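Q: missing the sequence, but the structure's below:
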């Protein structure tokens, strides 16, 4: 991108990437708290699974609401609101004394907060800020920010839990998330309205009447199933296999590290090649990583190779999916439409997180969930191929 760091588009890109880094980096630590909090509070994995399943579902539903706020009243206010609710949710998680309060704080509050400070709101801001030729790459860089957060914050979260206990770690992480409030001043603005512009309702109706939007919605659900299940349950799965908490934290961090080039090149390649084909490849490749993990004995190197492989195909779906939404349906209501598509992602996240915990409690194993993840990867790849990438004519204004 031939822009200097001082240019407003580059500043928007860097700040947006950093906000996503903070938000998703802290989110990736939640699997580390499952064991630590469970011992002190007497909660099983099913309790945490339901709490974070609620979080994912609320995050998805809240993304639609936050997208509408961003499109109508500006992204800066929406991001500040999201950061504040996210931080309050972490504080509430620290103070939770029973299962209901955990569901309300770690589930509902954090979920709503994440909706305003992650991809559905941030990526349309980045897309509008940069020239059209660089939008796919810019969204890949912003998505990579979330992966770098996973790499940087997860090991730090493990250190915080070891040194300050889980209670002190949550105080620190709530302060980290709150940094999104002052940073929101660099991410202000909303889409420019033009005379005769079609309405939000017309844009949503057009998208929902288009088969390609449904293909993207449900393939995105598979992405959510994979990422949420692995983020929360992989550390516990590795513990069951005889490894340590440090191995689990390292594996989650490696997913984030390898997804930095994964996201960047997904966005970069999306400028030159068919985005739907690239999406299908990403989903199909995930199946091979899961097969590796369950086909061989669990060792640190197996965990790390799995993490590196999955990292290359982790969040590359984000710039490609949201790039297709902007490409097909336009940028005027991109935050709202991205929020609706993201609901699909979070439905998958809900199922992956909750079903993972339920299956483990019922069978003592995650094997059934891993095999479901393989099958769903193939299904998602097949759903991407019929997507029509051509831009649609905008519906007439009411």
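A: Sure, I can see it. None of the values given here were measured: they were computed from a predicted structure.

Q: what's stretch 302-309 in contact with?
A: If you take CB atoms under 8 Å, 6 or more residues apart in numbering as the criterion, stretch 302-309 is touched by 238, 243, 247-248, 250-252, 254-255, 258, 285, 288-290, 292-293, 296. Heads up, the C-betas are built off the backbone N, CA and C, glycines and all.

Q: state the mean pLDDT of that stretch.
A: Across stretch 302-309, the average pLDDT comes to 94.

Q: ditto for stretch 59-68
A: Average pLDDT, stretch 59-68: 86.

Q: stretch 357-377 too?
A: For stretch 357-377, the mean pLDDT works out to 93.

Q: residues in contact with it?
A: So stretch 357-377 is contacted by 44-50, 53, 222, 225-226, 229, 233, 236-237, 240, 283-284, 286-287, 290-291, 293-294, 352, 355-356 (CB under 8 Å, 6+ apart).

Q: thinking again about what came up before, among the contacts of stretch 302-309, which ones are buried?
A: Listed as buried from the contacts of stretch 302-309 are 238, 243, 247-248, 250-252, 254-255, 258, 285, 289-290, 293; burial here means 16 or more other CB atoms under 10 Å.

Q: from the residues you listed, pick the one nearest residue 108.
A: residue 252 (24.2 Å; CB to CB).

Q: quick check: the closest one touching residue 152?
A: No: with contacts counted by CB atoms under 8 Å, residue 252 stays clear of residue 152, the gap being 11.5 Å.

Q: follow-up on the earlier one: and the buried ones among the contacts of stretch 302-309, which of them are in helices?
A: Here DSSP state H is the test, and the buried ones among the contacts of stretch 302-309 give 238, 247-248, 250-252, 254-255, 258, 285, 289-290, 293 as lying in helices.

Q: could you dump those residues to a markdown table with pLDDT and distance to residue 67?
A: Converted to a markdown table, these look like this (pLDDT from 0 to 100; distance: CB to CB, whole Å):
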| residue | pLDDT | distance to residue 67 |
| --- | --- | --- |
| 238 | 93 | 36 |
| 247 | 91 | 38 |
| 248 | 88 | 33 |
| 250 | 88 | 35 |
| 251 | 91 | 32 |
| 252 | 86 | 28 |
| 254 | 90 | 32 |
| 255 | 90 | 27 |
| 258 | 92 | 29 |
| 285 | 95 | 29 |
| 289 | 93 | 31 |
| 290 | 95 | 31 |
| 293 | 93 | 35 |
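
Q: could I get these as JSON lines with distance to residue 166?
A: Shown next, in JSON lines, are those (distance: CB to CB, whole Å):
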{"residue": "238", "distance to residue 166": "19"}
{"residue": "247", "distance to residue 166": "19"}
{"residue": "248", "distance to residue 166": "15"}
{"residue": "250", "distance to residue 166": "19"}
{"residue": "251", "distance to residue 166": "20"}
{"residue": "252", "distance to residue 166": "16"}
{"residue": "254", "distance to residue 166": "23"}
{"residue": "255", "distance to residue 166": "22"}
{"residue": "258", "distance to residue 166": "27"}
{"residue": "285", "distance to residue 166": "35"}
{"residue": "289", "distance to residue 166": "30"}
{"residue": "290", "distance to residue 166": "29"}
{"residue": "293", "distance to residue 166": "27"}
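
Q: so what's residue 26 up against?
A: Applying CB under 8 Å, 6+ apart to residue 26 gives the contacts 86, 90, 149, 153, 157, 173, 176-177.
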